[in-house]
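Trainee: here you go, sequence then predicted model.
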Amino acid sequence: MTAANHMPSIEILGLEKTYQVGFWRKRPKLALKPLHLTVNEGEIFGFLGPNGAGKTTTLKMLMGLVFPTSGAARILGMQLDDPRMKAQIGFLPEQPYFYDYLTGRELLNYYAQLSGVAAKDRTRRVGEMLERVGLKDAANLQLRKFSKGMLQRVGIAQAILHDPKVVFFDEPMSGLDPMGRREVRDLMEQLRQDGKTVFFSTHILADAETLCDRVAIINQGELRGVGTVADLTASVQSKVEIVWSGTALPVAIKSLHAETKASGETTRVVVQETQQDAVLEILRREHLRLISVTPVRTSLEEYYVGRVTPPGANGAKAGGLA
Amino acid sequence: MTRTAKVTLSASLLLALCTATSVLLLRHVDQVRPTATLDEVLYLPSPKIVKRLSLGYDGLMADIYWTRAVQYFGGGHSQGATEFKLLAPLLEIATTLDPHLIAAYDFGANFTAPPLPNGAGEPEKAIALTEFGIRNNPNEWRLYSNLGFIYYLEMKDKAKAADAFFHASKIPGAHPFMILVAGRMAEHTDDLETARMIWETAYESSKQPEIRANAGAHLRAIVVDEDVTALETLTAKYKDLTGHFPAHFSDLEAAGLMRGTPIDPIGHPYKLGAEGRVEVVDPDNLPFIQKGMPPGYVPPAKPKFLPSDASAK
Amino acid sequence: MNIWHIARNTFREAVRDRVLYNLIAFAVLMSGAAVLVGQISFGIERLVVVNLGLTAISLFGIVIAIFIGIGLVSKEIEKRTLYTVLSRPVQRWEFIVGKFFGLAGTLVVNTFFMALGVFAALLYVAHAFHKPDAWILVALYFIILEFVIITSLTLLFSSFASPIMAAIFSFALFVIGTFAEDLRGFAAMTHGAERWLATGMAYLVPNFSALNIISLVAHEQGVAGSLIFYNTAYAMFYAAMAISGAVLIFQHRNLK
């Protein structure tokens, strides 16, 4: 990972979007409150939130597909409609659909043309891409015959074939089997190693946790938290898992109302770190044999749930989590 | 300026420019079209075929052909056309598609029958058209009036004209002049008063600007003819009294024969010519006059009797 | 350059969409007509073949122009294929112009093959070509100008309306445009405020009447060079007008 750089890759300066819905009497519908966000060069940045939170709206505004109601943004220091900027970014939309009458090779060739890849490099580049995403055998197959996984792969290929500096993925893992998801994760790692910036939106927290340098959490059009995974999870109290042999559950421990589970010959309980010593003391008093004490790595999910819970409801999970 | 603003501005300018140019070019195309086709004949299909192709929308197609007939005549007239071969066929198609299109019969009577360049010069076709109209609209007095109009003015057949006007007068709602005109025809009274009544009927019973303008011009010509006749009677009397022709109208006034200066229907004073002749000063704007033309006057190839002629000079 | 790439891709899409199969239907029609005509009508075989052939070319082409044209933009938005195109250094106006040339090019190619068919049928019934037959080429050229205008209009409608509405508008304008001259005649007979309104509309409607010289060339007549010039200029400017409109609309459209 690189040290602090002079210029952030992506600067979102108060982008806001309000739609006017309705045919005759237009009512405003807020899709995104003014968003302020910065993404640094060379980092993998995760943009998390449930469906309808405003992730896709943000991406579309960055791509120039939708016009912000107010606010601005810069990518690589350039305006959103600057063709020089667009030549250096790649975009994979959610559940993409491509010209199904073209073959894989023709499609990538077309996109290469539009991205300004020089004619003499095109064939080579397209071939490399097809190989890299594992579509070499399907190069001459019409896209209408592609499976969903293959479409996702060709989508990634078109996003990176012109060697962009910043890549934007909208839900890149959606609809993929675990194998496919692994491949996409590996690819994003590779991109980071190549010095590229990756900005991707998802609602699958596990992926974000393993991949991202930093994440932002957005809900109902509003930013709810941004920072490294470590920083964010640090704010949530850590837990420990304590396992002892036997199925006895001392009343003292039961009264903690902690998560307990008896399986076979052992019992385990998960308590706050601060309660660890108390529990160990109880076990000692009851002469129960301790097997293990393991810190439970606080997941991003805990943090997420805390942020995404709608105001008013307590402890209930917000919708749309994977 | 942002890129979007630049594109918006350019596209807006282009839109405005191209719209204006398209409209201008269209006017040119309209002008070029009639002469662009080497032969004037536009190969009109027969009325039966048009009826079949109309797919039941006869009324609309009739209106379209009717409009075309009006435009054809007006356009040809303003370009000084020397023939109007398509007028009768266009009207025929229009009336085949809609036999109750009275306006078409009116137009046919007024402009198919008169000789060139006042009309298409095809009175027989005009008669056939009118008779077809009568068969399909037996209670339209105007059609009988049109028939009489044609017979009297173009075919010079007073008997048939009288017959037609008589038929017209029998129909309830007919113009009161009808019976009078019928009577005059029957008595072979061939005077300006008869002509005036016919033209007044035409003027009052039609709403079409072309027909009214034409009738107006004819009525003005009748006034001129009457005025000139009356004035020349006076100058002849003056000659009897004094032995020479008057030089000015004031002379006539001095002789007690008339008062004031006579004005023609378009507001110009009459002029006293040599030998007691009375003339109009602007004959170009008084088509159809039989009297009062200056000596050696040649009427223009394009007589002015349509509304479009008023705007042109 | 982008315009060229987009145009070529649009052409490729039309071809692979099996649009050119209409040529088969056309070929069948022409052959059948050529054979039948020889049997039925004496002395006017040439007339019928030219009338039928050129009218069919015109109608087939208009239908294709409308059916493909209405989807040019709306289909791409609906299917979201547009997203990956516009995120590249492709300007929105380049996209519109490219689509236009792609479809226009498709129609020109289509017309070319159909023209071959008509000339073949003509040869069959007349056994030789005569000098006036050259005017058929002018008629074909005017038909292509008609296509240029209709394509630009369907593109304009496609940039903001759903495919069905765009089809209805385009077809309506085609019919009205055929009677454009008569519309101007109607307008001339109205008065006052209606006259301004009617005249304005009559002049904005595409003028197909001047572009239809099928009857004329069927009778072996020709037209003046000035008409060819003015019609060409008119078609160019009219198409540019419609495309500018499409660009303006598309430039400000939020692609949901």
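Mentor: Perfect, I can see it now. Residues are numbered from 1 along each chain as shown, chains lettered A, B, ... in the order given.

Trainee: pick out the residue in the stretch 51-200 of chain C sitting closest to chain B.
Mentor: C:G185 (4.3 Å; Cβ to the nearest Cβ). Placement of C-beta: from N, CA and C, glycine included.

Trainee: helix/strand/coil for that residue?
Mentor: helix (DSSP: H, G, I helix; E, B strand; the rest coil).

Trainee: which one is B:E193 nearest to, not counting chain neighbours?
Mentor: B:R184 (7.5 Å; Cβ to Cβ, 6 or more residues apart in numbering or on different chains).

Trainee: surely the one you found touches B:T194?
Mentor: Yes: contact criterion Cβ atoms under 8 Å: B:R184 and B:T194 qualify, at 4.7 Å.

Trainee: against A:F67, how distant is whichever residue of chain A sits closest to chain B?
Mentor: In chain A, the residue that lies nearest chain B is A:D81 (4.4 Å; Cβ to the nearest Cβ). Using Cβ to Cβ, to the nearest Å, A:D81 is found at 10 Å from A:F67.

Trainee: quick check: phi and psi on A:Y101?
Mentor: phi -90, psi 0 (degrees, to the nearest 10).

Trainee: could you double-check that it lies in contact with C:R16?
Mentor: Yes: contact criterion Cβ under 8 Å: A:Y101 and C:R16 qualify, at 4.1 Å.

Trainee: could you list the residues of the stretch 1-150 of chain B in contact with chain A?
Mentor: Within the stretch 1-150 of chain B, the residues that sit near chain A (Cβ under 8 Å from any Cβ of the partner chain) are B:T2, B:R3, B:T4.

Trainee: list the contacts for the residue lying closest to the second one once chain neighbours are set aside?
Mentor: Distances taken as Cβ to Cβ, 6+ apart put A:D81 closest to B:R3, at 4.4 Å, once the chain neighbours are dropped. Applying Cβ atoms under 8 Å, 6 or more residues apart in numbering or on different chains, we find A:D81 in contact with A:G64, B:T2, B:R3, B:T4.

Trainee: returning to what we had before: neighbour-wise, which of A:Y101 and C:R16 wins?
Mentor: Counted by other Cβ atoms under 10 Å in any protein chain shown, A:Y101 and C:R16 do not tie: A:Y101 has more neighbours, with 18 against 14.

Trainee: so where do the helices sit in the chain?
Mentor: I'll assume chain A. A:55-63, A:83-86, A:104-114, A:119-132, A:148-160, A:178-193, A:205-211, A:229-234, A:251-254, A:276-285, A:300-308 (DSSP state H).

Trainee: wrong chain, I was asking about chain B
Mentor: B:3-36, B:47-53, B:58-78, B:87-97, B:102-111, B:123-136, B:141-153, B:158-170, B:177-186, B:192-205, B:209-242, B:249-254, B:307-311.

Trainee: okay, which residue is most central for chain B?
Mentor: B:N214 (3.1 Å; Cα atoms, centre = their mean).

Trainee: dump the residue contacts of that residue.
Mentor: So B:N214 contacts B:N110, B:F111, B:A202, B:F305, B:L306 (Cβ under 8 Å, 6+ apart).

Trainee: now the last one, what are its backbone angles?
Mentor: With angles defined as degrees, to the nearest 10, B:L306 sits at phi -110, psi 160.

Trainee: pLDDT at it, what is it?
Mentor: We have a pLDDT of 85 for B:L306.

Trainee: now do the contacts for residue 72.
Mentor: I'll assume chain A. Contacts for A:A72 (Cβ under 8 Å, 6+ apart) come out as A:L13, A:G14, A:L15, A:L80.

Trainee: that was the other one, I meant chain B.
Mentor: B:Y72 neighbours (Cβ under 8 Å, 6+ apart): B:F84, B:L86, B:L87, B:L90.

Trainee: closest to A:V39 out of the contacts of B:N214?
Mentor: B:L306 (76.7 Å; Cβ to Cβ).

Trainee: okay, now the residue of the stretch 51-200 of chain C closest to chain B: neighbour count?
Mentor: So C:G185, with other Cβ under 10 Å, has 22 neighbours.

Trainee: contact residues of the stretch 151-300 of chain A facing chain C?
Mentor: A:G155, A:Q158, A:A159, A:F168.

Trainee: now these in JSON lines, with pLDDT and neighbour count?
Mentor: Below are these laid out as JSON lines (pLDDT from 0 to 100; neighbours: other Cβ atoms under 10 Å in any protein chain shown):
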{"residue": "A:G155", "pLDDT": "91", "neighbour count": "24"}
{"residue": "A:Q158", "pLDDT": "93", "neighbour count": "29"}
{"residue": "A:A159", "pLDDT": "94", "neighbour count": "24"}
{"residue": "A:F168", "pLDDT": "95", "neighbour count": "26"}
